[in-house]
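Student: Predicted structure and sequence below. I'll ask about it afterward.
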Amino acid sequence: MSSEGDPPPGTTLADGPHGDGPHGDGAGEFAPGFSRSADGAVPDGPVVESATLPDDVAESARALFADRLPSVLRYAALLADTGVRHGLIGPHEGERLWHRHLLNCAVLTELIEQGARLVDIGAGAGLPGIPLALARPDLEIVLLEPMARRVDWLRGTVRELDLSVTVVRGRAEEVAVRREWRGADVVTARAVAPLARLARWALPLLRPGGQLLAVKGVSATDEVNRDRSAVHDFGGLPPRVVQCGGTYVDPPTTVVAVERMAPRAGSTARSTRHTRGRQ
């Protein structure tokens, strides 16, 4: 894993969320345990049993997920089984799902307003989008993922968990995606890209005043200092490093929050020049 972007420890980007080719590789592949149906991938073969809730996270999990905890247990089981076998999370992450992934993502709800429209870019295994959907059913969530095999896995998982979540195959920088999904209140990203690149992809999807919430690691402050100018050029207010979930997770989740400012005359030209300079 590159230090650039500093994703949470133990997170894998197998093949990368923005893999090779126009939509990533793996077209036509499916997660083990899933097969093609008219509306995506659905389970076949032996049913994966629900995961066991570890005692040391039980109180936090119940507080965050309430009556949706059985669905979270099912999601944890899918991640630990087909998610690992399909390369969506690392082979050793099954033992650390609750601490490093599920709770770590769910606490972002502290930063998200009621009824927000949210786009999770480079969704991968559905982190943080699916934990947010389970913790906050009031949110309108779109999972945006370019790789076909991951999209199939996400659609099957969303179907099995009976979530009102939209799964879209595409990239945040694509014109068609921006046209369809712009105006979001929140864009989330976890272990996707360095901050400057995230700002270029995410800010056009936001309404003015909307915010990018990028889950980062210990080098978040250094990344903010390095990319502050680029974030401004792409239309963002000064990025802030925020810690959330201290009541539920230890250490707290580190997030870089960037608010999209109102468009200004000439900002498009500046952004274009900056983009070309960083490619």
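Tutor: Cool, the structure landed.
Student: quick one: low-confidence ranges for the stretch 1-150 of the chain?
Tutor: 1-50 (pLDDT under 70).
Student: Please enumerate the strands of it.
Tutor: Applying DSSP state E, counting those that start in this stretch to the stretch 1-150 of the chain gives strands spanning 34-37, 40-43, 117-121, 140-145.
Student: show me where the stretch 151-279 of the chain has strands.
Tutor: 165-169, 184-190, 206-216, 240-244, 253-259.
Student: hey, which of the ones you listed is tucked in deepest?
Tutor: Highest mean neighbour count of the strands of the stretch 151-279 of the chain: strand 184-190, a mean of 26 (counted as mean count of other CB atoms under 10 Å). Bear in mind the C-beta positions are built from the backbone N, C-alpha and C, glycine included.
Student: List the neighbouring strands of that one plus their orientation.
Tutor: Strand 184-190 pairs in its sheet with strand 117-121 (parallel), strand 206-216 (parallel), by DSSP bridges.
Student: For Gly94, which of those is the nearest?
Tutor: strand 206-216 (19.9 Å; CB to CB).
Student: Any chance you could give me the closest one in PDB, C-alpha atoms only?
Tutor: Listed next in PDB are the C-alpha coordinates belonging to strand 206-216 (Å, rounded to 0.1, in the frame of the first residue of the first chain):
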ATOM      1  CA  LEU A 206     -21.300  18.000  -4.300                       C
ATOM      2  CA  ARG A 207     -23.700  20.800  -4.000                       C
ATOM      3  CA  PRO A 208     -22.200  24.100  -2.800                       C
ATOM      4  CA  GLY A 209     -21.900  23.700   1.000                       C
ATOM      5  CA  GLY A 210     -21.800  19.900   0.700                       C
ATOM      6  CA  GLN A 211     -18.800  18.100   2.100                       C
ATOM      7  CA  LEU A 212     -16.200  15.400   1.200                       C
ATOM      8  CA  LEU A 213     -15.500  13.100   4.100                       C
ATOM      9  CA  ALA A 214     -12.300  11.200   3.400                       C
ATOM     10  CA  VAL A 215     -11.400   8.500   6.000                       C
ATOM     11  CA  LYS A 216      -7.600   8.800   6.500                       C
END
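Student: ok, and what's touching that strand?
Tutor: If you take CB atoms under 8 Å, 6 or more residues apart in numbering as the criterion, strand 206-216 is touched by 5-8, 104-105, 108, 111-112, 128, 182-192, 195, 198-199, 202-203, 223, 236, 241, 253-263.
Student: and with 7 Å instead?
Tutor: Strand 206-216 has contacts (CB atoms under 7 Å, 6 or more residues apart in numbering) with 6, 8, 108, 111, 128, 183-190, 195, 198-199, 202-203, 223, 253-262.
Student: likewise stretch 113-122?
Tutor: Outside stretch 113-122, the residues touching it (CB under 7 Å, 6+ apart) are 17-18, 112, 128-129, 132, 138-145, 172, 181, 184-189, 192, 201-202, 205.
Student: And that stretch, end to end?
Tutor: 22 Å (CA to CA, to the nearest Å).
Student: Got phi/psi on Gly124?
Tutor: Here is the backbone geometry of Gly124 (degrees, to the nearest 10): phi 60, psi -110.
Student: count of residues packed around it?
Tutor: Residues lying near Gly124 (other CB atoms under 10 Å) number 28.
Student: mind checking how far it is from Val84?
Tutor: Counting by CB to CB, to the nearest Å, the gap between Gly124 and Val84 amounts to 13 Å.
Student: surely Gly236 meets Arg260?
Tutor: Yes: applying CB atoms under 7 Å, one finds Gly236 in contact with Arg260, separated by 6.0 Å.
Student: Give the residues shared as contacts by these two.
Tutor: In contact with both Gly236 and Arg260: Leu203, using CB under 7 Å, 6+ apart.
Student: Helices of the stretch 151-279 of the chain, start to end?
Tutor: 175-181, 195-202, 220-233, 267-278 (DSSP state H, counting those that start in this stretch).
Student: The ones you listed into TSV, with extra columns for mean neighbour count, distance to Gly156 and mean pLDDT?
Tutor: As requested, the helices of the stretch 151-279 of the chain are exported to TSV (neighbours: other CB atoms under 10 Å; distance: least, CB to CB, whole Å; pLDDT from 0 to 100):
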stretch	mean neighbour count	distance to Gly156	mean pLDDT
helix 175-181	14	22	96
helix 195-202	26	26	96
helix 220-233	18	33	96
helix 267-278	13	35	43
